[in-house]
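**Q** let's see this in three dimensions:
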Amino acid sequence: MNDAIVRRMSEHDIEAAAMVQVEAFGGTVERRVQTLQVGPRYTWQDGWMVEDAGELAATAIAMPQTWWLGGVPYPASAIAAVGVRAVARRRGFATQLMRAILHADLEQRRPFSLLYPFQHGFYQRLGYAPSGLTHFYRIPLMHIPDAPQLRHKVRMLSPDDHQSVYELYRWSLVNSSGGLERDDAHWQARWQDADERWVVYADGDVGGYLVYETIEDQLNLTEMIAATPEAERALWSFLAAQVEQRRAVTYHAPVDKPLWAMLREPLMYQGTRRGFVLTDAAHLTVGLMARIVDVEAACALRVVPSYVRGSVALSLHDPVLEENNATFTLQFDDGQIRAERSQTIPDATCDIVTLTQLFCGVLSASAAYWMGRLDTSSISAALLDQALGGPKPFIHPADWF
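**A** Predicted structure coming up:
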């Protein structure tokens, strides 16, 4: 491809890397340098770079993360700030960076790599799969039901509530929508963010919280965690009570959360008419891309329904990681998956993009079979549907990277 060198970033590269990031994404060199030095979410130690003829041509960040999906914690790399200098574009440097990071992740036996793409097609060619769907709601506050008896238990967050918020967020990772773990530095940055406002529902103990920002005549809901139905209704009631000052609240919700069903009118604020009497309730959005890196490691952690038993021999194609170009026998038993390399004649064939989407529950095997993305029998597709259905990926807007 070229004679460029891909390597890990060093502390001596900070200023040059910051200049590449500013050229690619904007901001100031001073702010970028500060982030690379002290975080909070990443530092230069998470950085990768491409040198061409002794000059820095491209950079990327690969943050070690723990990603919760379906109640299971998966080690993952969160890829961010993949930037190429203007004079170095269309020379394959971003591809070289991503290939090097993926091979390093495989050496570490990380099951997943995650990113938010500038272009889905580019990363899909590297084996990443569109996996993070949300419903974007813009809800008129006047249509949210108000329960005053619950709303009166909502109050502003105090420092004494921090531990309860930590525990609720941890509970949500395991039992609710999942997402990314946060370290102390990330939490401290959240507490110090002047744009975010926090409220909690407290009926004795804190049972829920929400975080929002004010943007002109709307509220932007960035996070809502509720451990009980009462907590969630109380938090929505708090939002409903803002109707004299604001018109609407926006929220990226998990696709399996039917917020439209709680509204007096299930229509978006300033929704678009789609013909006849059909009007938008929400917009389907796609952002997060995921990629299985280590097939055996991902399967070893996956939980499946205990009643599912059987096996599928899957022939896999991976455009980057040659180690994944093999046939894996997926054995479903006792609520687990065992993935073993075999010479068996395959029952099914697909690429790593399709397998990732099956694994994440955003594409059923039956639908993939119907679309021609999974070459298999209807019997094997049905077994995969039983095994791999479940909660879909969701990352709170506050954790986007």
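
**Q** distance-wise, check the residue lying closest to His252 once chain neighbours are set aside relative to Asp280.
**A** Spatial nearest neighbour of His252, chain neighbours left out: Thr134 (4.2 Å); criterion: CB to CB, 6 or more residues apart in numbering. Using the backbone N, CA and C atoms, a C-beta is placed for each residue, glycine as well. According to CB to CB, to the nearest Å, Thr134 stands 14 Å off from Asp280.

**Q** equivalent analysis for Ala129, please.
**A** 26 Å.

**Q** hmm, Ala129 and Leu288 touching each other?
**A** No. The criterion here is CB atoms under 8 Å, and Leu288 misses it with Ala129 at 9.7 Å.

**Q** if we can go back for a sec, more neighbours, Thr134 and Asp280?
**A** Thr134 (23 against 18; other CB atoms under 10 Å).

**Q** chain center to the one helix or strand the more buried one maps to: distance?
**A** In this structure, Thr134 sits in strand 133-140 according to DSSP states H and E. A distance of 17 Å separates the centroid of the chain from that of strand 133-140, by CA atoms, centre = their mean, to the nearest Å.

**Q** repeat that for stretch 41-51.
**A** Centroid displacement of stretch 41-51 relative to its chain, using CA atoms, centre = their mean, is 21 Å.

**Q** which elements pack onto the helix or strand Ala62 falls within?
**A** Using DSSP H and E, Ala62 maps to strand 55-69. The contact analysis (3 or more CB pairs under 8 Å, 6 or more residues apart in numbering; DSSP states H and E) places strand 55-69 against helix 14-25, strand 47-52, strand 72-84, helix 93-107, strand 112-115, strand 179-180.

**Q** show me what the longest one is packed up against.
**A** Meaning helix 93-107. Counting contacts by 3+ CB pairs under 8 Å, 6+ apart, helix 93-107 is packed against strand 5-8, strand 47-52, strand 55-69, strand 72-84, strand 112-115.

**Q** could you rerun that using 6 Å?
**A** Helices and strands touching helix 93-107, by 3 or more CB pairs under 6 Å, 6 or more residues apart in numbering; DSSP states H and E, are strand 47-52, strand 55-69, strand 72-84.

**Q** let me have the ones you listed in a markdown table, extended by distance to Pro159.
**A** Listed next are the helices and strands packed on helix 93-107 as a markdown table, based on distance: least, CB to CB, whole Å:
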| stretch | distance to Pro159 |
| --- | --- |
| strand 47-52 | 34 |
| strand 55-69 | 26 |
| strand 72-84 | 28 |
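
**Q** just the helices in the protein please.
**A** Taking DSSP state H to define them, one finds helices in the chain at 14-25, 29-38, 93-107, 120-124, 148-151, 162-175, 184-191, 229-240, 295-301, 352-360, 365-371, 378-388.

**Q** buried residues in the fourth one?
**A** Judged by neighbour count (16 or more other CB atoms under 10 Å), helix 120-124 contains these buried residues: Tyr123, Gln124.

**Q** re the thing from before, between the helices of the chain, which one is nearest to Ala202?
**A** Ranking those by proximity to Ala202 (CB to CB) places helix 162-175 first, at 8.4 Å.

**Q** what mean pLDDT does the closest one have?
**A** For helix 162-175, the mean per-residue pLDDT is 97.

**Q** CA atoms of it as PDB?
**A** Output in PDB follows, covering the C-alpha atoms of helix 162-175 (Å, rounded to 0.1, in the frame of the first residue of the first chain):
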ATOM      1  CA  HIS A 162     -23.500  10.400  44.000                       C
ATOM      2  CA  GLN A 163     -23.000   6.900  45.500                       C
ATOM      3  CA  SER A 164     -26.700   6.100  44.800                       C
ATOM      4  CA  VAL A 165     -26.300   7.300  41.200                       C
ATOM      5  CA  TYR A 166     -23.200   5.100  40.800                       C
ATOM      6  CA  GLU A 167     -25.100   2.100  42.000                       C
ATOM      7  CA  LEU A 168     -28.200   2.800  39.800                       C
ATOM      8  CA  TYR A 169     -26.000   3.100  36.800                       C
ATOM      9  CA  ARG A 170     -24.200  -0.100  37.600                       C
ATOM     10  CA  TRP A 171     -27.600  -1.800  38.100                       C
ATOM     11  CA  SER A 172     -28.700  -0.600  34.700                       C
ATOM     12  CA  LEU A 173     -25.600  -2.000  33.000                       C
ATOM     13  CA  VAL A 174     -26.500  -5.500  34.400                       C
ATOM     14  CA  ASN A 175     -30.300  -5.500  34.400                       C
END
